[in-house]
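Student: Provided below for reference: sequence and predicted model.
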Amino acid sequence: MSRSDRRDPTRVGDQPALRTSGGAVWLSVGGALAALSIGLLLALNSLQPPVGLIGAAVILVLYVFMVAAVLAIPARRARLMTLACLMIAIAVTALVFVLIVNAAEWSAVR
């Protein structure tokens, strides 16, 4: 029985997106997520000026790391796992900075 016969399609690590992709899809979806997140944080920058810019800069750096990972990591599985982790990091970072702006605005109201 080969390894491909033992794949469990419900297991996250066995998903085709983490086994067969070249990385271009991850870059395009990650770029769209980064663009939306940066746009949102720049819009929120008017409420809490340094927080929005810092969040946008962190997300931009994470996306640059995604591009660097595609170019620098030769092993497909390691490259795709890195891209997945960086995309999750972009989403979490955006959420954290939006929550920081929200908390700062709520504390200013009280």
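Tutor: Nice, I can see it.

Student: Any idea which helix or strand in this structure has the lowest mean pLDDT?
Tutor: Within the chain, no helix or strand scores below helix 76-109, which has a mean of 93 by mean pLDDT, DSSP states H and E.

Student: who does it touch, helix- and strand-wise?
Tutor: helix 24-44, helix 49-72 (3 or more CB pairs under 8 Å, 6 or more residues apart in numbering; DSSP states H and E). Just so you know, the C-beta spots here come from the backbone N, C-alpha and C atoms, and that holds for glycine as well.

Student: Tell me how far residue 77 lies from residue 24.
Tutor: Distance, residue 77 to residue 24, by CB to CB, to the nearest Å: 16 Å.

Student: what's the answer for residue 47, then?
Tutor: Using CB to CB, residue 47 is found at 36 Å from residue 24.

Student: Of the two, which one has the most company?
Tutor: Between residue 47 and residue 24, counted using other CB atoms under 10 Å, the more crowded position is residue 47 (13 against 9).

Student: hang on, the more buried one packs against residue 103?
Tutor: No. In terms of CB atoms under 8 Å, residue 47 does not count as a neighbour of residue 103; the distance is 11.4 Å.

Student: Spatially central residue for the protein, please.
Tutor: Nearest to the centroid of the C-alpha atoms of the chain, with distances taken as CA atoms, centre = their mean, sits residue 87, at 2.2 Å.

Student: and that residue, what does it touch?
Tutor: 26, 29, 30, 33, 66 (CB atoms under 8 Å, 6 or more residues apart in numbering).

Student: hmm, try it at 6 Å
Tutor: residue 30 (CB atoms under 6 Å, 6 or more residues apart in numbering).

Student: Also residue 95?
Tutor: Residue 95 is in contact with no residue at all, counting by CB under 6 Å, 6+ apart.

Student: List the buried residues for stretch 77-96?
Tutor: 79, 80, 82, 83, 84, 86, 87, 89, 90, 93, 94 (16 or more other CB atoms under 10 Å).
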